[in-house]
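S.K.: Only the shape, not the letters, is given here:
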């Protein structure tokens, strides 16, 4: 109502999290990561402080940004709404006082606003005996400075030494809000997002399948086109950081240039006698929103060339009966006669219902039990996933672009991935190959890492016939 030009479309439902955190005065340290185009700067540096000024809830507001110029521009934007917004003037009266300079200005109601750039003096400043009671950091880092380790360290020290100590901690009415977009794995924003002392909100433009979380902003098709445009330029990692706020490490083990693609319709892998397809599943134990999703991956192996095709991926919260239906449907879809299932502990409690369903439905599927070596903890999963590295480095893995979004998102964030389920399931292809004694006919290229990664750990007694001919 107050800003029809600034807010011209319905809010994303996830925006409720931002509003709730800003309005809750008991939350004094808030960090928000939102994608480009989400209007986060307008909300954090205009609408929110304007509300605090008009209702006289804050005495001393300090907007901070990466440079003094940018901070002053944010301040001028806020000042404009106070002076020129006719709804504001009609409801609250004139706000201009005799002190309205760029560097610091005071409203007619007595609230001071002093924009500051990163590194400028903040600690120890007072206005009429008041320390800052609202500090808003918007885009404190830029793409140029964040890549410099010394600059990152300098900003972090300034923030925790000066900014955090500029408030009056004996009072309970202060608040610090930091908002931005992830630019680096060691950025200040990421450090705050991972700090348990900060209330953190991380918004994404889309999910792993490139389905839009805000269709009024970008539709599913537009999101996919945007991601593909970044991928074509070799900048998919930038898309993940800018629009999904996902941490992509500079020394990532799985780089975008390792991802090769194929067209399922053109390759016709189902009819290729040299390609054998297996389906691998890790059944989730619960469908709770906080738990891991069920991951089902269909993989084709070319015995002549050594190529590995990730043909299909399902990643969702499914009930046990739905897990079996999806796995069997994928087997039928890809003409696979092998279903590998991760088992731990009491194997029969996992495999019995699957075997029973196979028999009841008279399905030509052989069940292969896959042992979770080292257990199901994160460290063991990361170790298993690491065994995929030489296959990607040799260019042996091909992705079906219509379904591999979840896999690529997890691989590019490895080993800091928020979720591991899809790439963990895919990593079992190494064990499947070893168990079934599936080796390529041609000579594999040498790789110094290979012996370290694929060692005797996979040398179990092979299953004599894990494929039904």
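M.R.: Done, it's in. As the structure is a computational prediction, the values presented were derived from the model and not from experiment. Residues are numbered from 1 along each chain as shown.

S.K.: can you list the domain ranges for this protein.
M.R.: The chain is divided into the following domains under automatic domain parsing: 15-202, 207-251, 252-458.

S.K.: Any idea how far the longest one is from the middle of the chain?
M.R.: Relative to the chain's own centre, domain 252-458 is displaced by 22 Å; criterion: CA atoms, centre = their mean, to the nearest Å.

S.K.: Below-threshold pLDDT in this structure: ranges please.
M.R.: Within the chain, the stretches with pLDDT under 70 are 250-251, 285-292, 344-349, 373-376, 439-469.

S.K.: Of all the domains of the chain, which one is nearest residue 1?
M.R.: domain 15-202 (7.3 Å; CB to CB). (Each C-beta comes from the backbone N, C-alpha and C, glycine too.)

S.K.: can I get the domains of the chain in a markdown table with mean neighbour count and distance to residue 6?
M.R.: Below are these laid out as a markdown table (neighbours: other CB atoms under 10 Å; distance: least, CB to CB, whole Å):
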| stretch | mean neighbour count | distance to residue 6 |
| --- | --- | --- |
| domain 15-202 | 18 | 5 |
| domain 207-251 | 17 | 14 |
| domain 252-458 | 17 | 32 |
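
S.K.: For those, could you give me JSON lines that also reports distance to residue 2?
M.R.: Below are these laid out as JSON lines (distance: least, CB to CB, whole Å):
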{"stretch": "domain 15-202", "distance to residue 2": "6"}
{"stretch": "domain 207-251", "distance to residue 2": "20"}
{"stretch": "domain 252-458", "distance to residue 2": "35"}
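
S.K.: mind checking which of those domains is nearest residue 9?
M.R.: Evaluated over the domains of the chain, closeness to residue 9 peaks at domain 207-251, with 4.7 Å, by CB to CB.

S.K.: Find out how far the closest one is from the centre of the chain, if you would.
M.R.: 10 Å.

S.K.: Pull the contacting residues for the residue nearest in space to the middle of the chain.
M.R.: Centroid-nearest residue in the chain, with CA atoms, centre = their mean: residue 246, separated by 3.4 Å. By CB atoms under 8 Å, 6 or more residues apart in numbering, residue 246 lies in contact with 182, 204, 240, 409, 412, 413, 418.

S.K.: Excluding sequence neighbours, find me the nearest residue to the fifth one.
M.R.: Nearest residue to residue 412, sequence neighbours excluded (CB to CB, 6 or more residues apart in numbering): residue 248, at 5.5 Å.

S.K.: Quick check: phi and psi on that neighbour?
M.R.: phi -110, psi 110 (degrees, to the nearest 10).

S.K.: What segments of the stretch 201-350 of the chain are strands?
M.R.: Using DSSP state E, counting those that start in this stretch, the strands of the stretch 201-350 of the chain run over 260-261, 275-282, 294-302, 308-316, 338-343.

S.K.: Just send those strands back as JSON lines, with distance to residue 76 too.
M.R.: Below are the strands of the stretch 201-350 of the chain laid out as JSON lines (distance: least, CB to CB, whole Å):
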{"stretch": "strand 260-261", "distance to residue 76": "47"}
{"stretch": "strand 275-282", "distance to residue 76": "54"}
{"stretch": "strand 294-302", "distance to residue 76": "50"}
{"stretch": "strand 308-316", "distance to residue 76": "46"}
{"stretch": "strand 338-343", "distance to residue 76": "58"}
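
S.K.: Can you give me the distance of the residue nearest to the centre of the chain to residue 208?
M.R.: For residue 246, the distance to residue 208 equals 10 Å [CB to CB, to the nearest Å].

S.K.: which neighbours do those two share?
M.R.: With CB under 8 Å, 6+ apart as the test, residue 246 and residue 208 both reach residue 409.

S.K.: tell me the contacts of the residue lying closest to residue 204 once chain neighbours are set aside?
M.R.: Leaving aside its chain neighbours, residue 204 sits nearest to residue 244 (4.4 Å; criterion: CB to CB, 6+ apart). Residue 244 is in contact with 35, 204, 205, 206, 409, counting by CB under 8 Å, 6+ apart.

S.K.: let's go with 10 Å and repeat that
M.R.: Neighbouring residues of residue 244 by CB atoms under 10 Å, 6 or more residues apart in numbering: 33, 35, 181-182, 202-208, 210, 213, 227, 409, 413.

S.K.: Narrow these to those in helices?
M.R.: 227, 409, 413 (DSSP state H).

S.K.: mind giving me TSV with these and columns for distance to residue 150?
M.R.: TSV is the format used below for these (distance: CB to CB, whole Å):
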residue	distance to residue 150
227	33
409	31
413	25
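
S.K.: Quick check: most distant residue from the centroid of this structure.
M.R.: residue 98 (47.3 Å).

S.K.: Surely that one is within a strand?
M.R.: No: read with DSSP: H, G, I helix; E, B strand; the rest coil, residue 98 is coil and lies in no strand.

S.K.: ok, it to residue 127 distance?
M.R.: 15 Å.

S.K.: Could you do residue 13 as well?
M.R.: Plainly put, residue 13 is 38 Å away from residue 127 if you go by CB to CB.

S.K.: what's the single longest helix in the protein?
M.R.: Per DSSP H, the chain has its longest helix at helix 68-84.

S.K.: name the helices or strands packed onto the helix or strand that that helix is followed by?
M.R.: Note on helix 68-84: by DSSP states H and E, the next helix or strand toward the C-terminus is helix 86-92. For helix 86-92, the packing partners by 3 or more CB pairs under 10 Å, 6 or more residues apart in numbering; DSSP states H and E come out as helix 48-54, helix 68-84.
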